[in-house]
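A.B. asks: no FASTA, just this:
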């Protein structure tokens, strides 16, 4: 850069399905579109504006009086209302990025957008670039096509100028039955692909393994460079099982089906072209990895069979992870939110009452302070019977919101009513 200039560090912005800006709440709803509510009086919120959204709204970003909404499962035979008059009508099936002007919150207006191939499932904004994960299936193409490529695509979309939004670059990763999860930093996307491989010469027995690829996104303009990769034992269940900290990628993995060992692996990523394993801790628990989370030099893993142990790790020396403590609980934890010496977690309670097994959503508060085993401070069940929240595992942070300053937890959910026998 030239003399006297400074470069602003790029930050990673997570997507939302609801966003508070001052006294205004923006809510993305599959059936009601983008809703705008005045929450200046929390006892009487008012709906003051709405913009229709067609398709399945996935993610939303609110910045500079604009709402950027990613929509999947969009199907239309009509000419886009934003197209020029001489553009012919044509069928389209895929995803879209829609740009909505919210400068007048009582009358939000769609002002732009672009089509995106495939089914968009995840996204982040880094600097002025929106990175979108799109699942591409061969049946999106015309009948009779010889295309059989099933892939995960990472699209880099320039959003610095809302009047000139465009796809800058794309990186494709063959899928063909594998699951993909992404962990994003300001300079890197880690793409984890989990699948199976034979462990004997006859090919009868298979074990899960994962390959993590380093995708360089350090270019502020959005150009993508695929660098090195590394293979690990076990399946990586979601994005929360990966975390980069001080040049080290920490990864939790386990079995896909049934029970077995659970692995905590540390990887040196100082050379993006040659990822190397630093250390590994194996939990010989004969259980299934249910969730994982990292917080600075601490790591938290949850496995489950009949009881739900929470394991805490000291990762201050990445080459030699140290098991600090263990907490056994009924039920299991699906998603953990570390908050210093406390942790709030979304999970399920699993108990037997009068000979009947009862499983229900539950929120737990856990003491994870140093110097002792974790302690379950409190647990509250949510709903009457089996319950769940909307979205996939990678979406947990969108739907399970912990508002520390307000002392509140926001959680949309559905559950089975044992009294009425309905959801």
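C.D. replies: Noted; the coordinates are in hand. Just so you know, these numbers come straight off a predicted model, no measurement behind them.
A.B. asks: only C-alpha atoms for contact and neighbour calcs from this point on.
C.D. replies: Noted.
A.B. asks: below-threshold pLDDT in the stretch 51-200 of the chain: ranges please.
C.D. replies: Along the stretch 51-200 of the chain, the model assigns pLDDT under 70 to residues 73-93, 138-147, 176-177.
A.B. asks: let's see that with 50 instead.
C.D. replies: 77-79 (pLDDT under 50).
A.B. asks: so what's residue 98 up against?
C.D. replies: Residue 98 sits next to 68, 69, 70, 71, 110, 111, 112, 113, 114 when contact means C-alpha atoms under 8 Å, 6 or more residues apart in numbering.
A.B. asks: quick one: the closest residue to the second one other than its chain neighbours and residue 125, what's the gap?
C.D. replies: Going back to what we said before, that points to residue 69. Computed as C-alpha to C-alpha, 6 or more residues apart in numbering, the closest residue to residue 69 that is not its neighbour in sequence is residue 60, at 4.6 Å. Distance of residue 60 to residue 125, computed by C-alpha to C-alpha, to the nearest Å: 10 Å.
A.B. asks: count the residues that sit near the nearest residue to residue 365 once chain neighbours are set aside.
C.D. replies: Using C-alpha to C-alpha, 6+ apart and skipping the chain neighbours, the partner closest in space to residue 365 is residue 344 (4.8 Å). Burial of residue 344 is recorded as 20 neighbouring residues (other C-alpha atoms under 10 Å).
A.B. asks: so residue 398 belongs to a helix, correct?
C.D. replies: Yes: under DSSP: H, G, I helix; E, B strand; the rest coil, residue 398 falls within a helix.
A.B. asks: for it, what are its contacts?
C.D. replies: 15, 16, 17.
A.B. asks: quick one: which of those is nearest to residue 292?
C.D. replies: Of all these, residue 292 sits closest to residue 15, with 20.7 Å by C-alpha to C-alpha.
A.B. asks: state the distance from that closest one to residue 94.
C.D. replies: On the measure of C-alpha to C-alpha, residue 15 and residue 94 end up 20 Å apart.
A.B. asks: and the contacts of stretch 185-197?
C.D. replies: Here stretch 185-197 has contacts from 10-12, 126, 175, 177-184, 206-219, 234-236, 244, using C-alpha under 8 Å, 6+ apart.
A.B. asks: hang on, the earlier thing: quick check: beta-bridge partners of the residue nearest to residue 365?
C.D. replies: Beta bridges link residue 344 to residue 337, residue 365 when assigned by DSSP bridges.
A.B. asks: now swap in residue 110 and tell me
C.D. replies: Applying DSSP bridges, one finds that residue 110 bridges with residue 100.
A.B. asks: quick revisit: anything in contact with each of residue 60 and residue 125?
C.D. replies: Contact with both residue 60 and residue 125 is made by residues residue 15, according to C-alpha under 8 Å, 6+ apart.
A.B. asks: tell me which of these two has more neighbours.
C.D. replies: Between residue 60 and residue 125, counted using other C-alpha under 10 Å, residue 60 has the larger neighbour count: 26 against 22.
A.B. asks: from residue 351, how far off is the more buried one?
C.D. replies: Applying C-alpha to C-alpha, the value for residue 60 to residue 351 is 38 Å.
A.B. asks: and what of residue 417?
C.D. replies: Residue 417 is 17 Å from residue 351, by C-alpha to C-alpha.
A.B. asks: in the strand or helix carrying the residue nearest to residue 69, what counts as buried?
C.D. replies: For residue 60, the element it lies in under DSSP states H and E is strand 56-63. When neighbours are counted by 16 or more other C-alpha atoms under 10 Å, the buried residues of strand 56-63 are found to be 56, 57, 58, 59, 60, 61, 62.
A.B. asks: tell me the contacts of the fourth one?
C.D. replies: Taking C-alpha under 8 Å, 6+ apart as the contact definition, residue 59 lies against 15, 16, 17, 69, 70, 71, 122, 123.
A.B. asks: show me what it is bridged to.
C.D. replies: residue 70.
A.B. asks: which residues does residue 378 contact?
C.D. replies: Counted by C-alpha under 8 Å, 6+ apart, residue 378 has contacts 364, 365, 366.
A.B. asks: name the element it belongs to?
C.D. replies: Element membership of residue 378, judged by DSSP H and E, is strand 375-382.
A.B. asks: quick one: mean pLDDT over that strand.
C.D. replies: For strand 375-382, the per-residue pLDDT values average out at 93.
A.B. asks: so in that sheet, which strands flank it, and in what orientation?
C.D. replies: Within its sheet, strand 375-382 is paired with strand 356-367 (antiparallel), according to DSSP bridges.
A.B. asks: got any ranges where the stretch 201-350 of the chain has weak pLDDT?
C.D. replies: By pLDDT under 50, the stretch 201-350 of the chain has no low-scoring segment.
A.B. asks: which strand is the longest one in the chain?
C.D. replies: In the chain, taking DSSP state E as the definition, the longest strand is strand 276-295.
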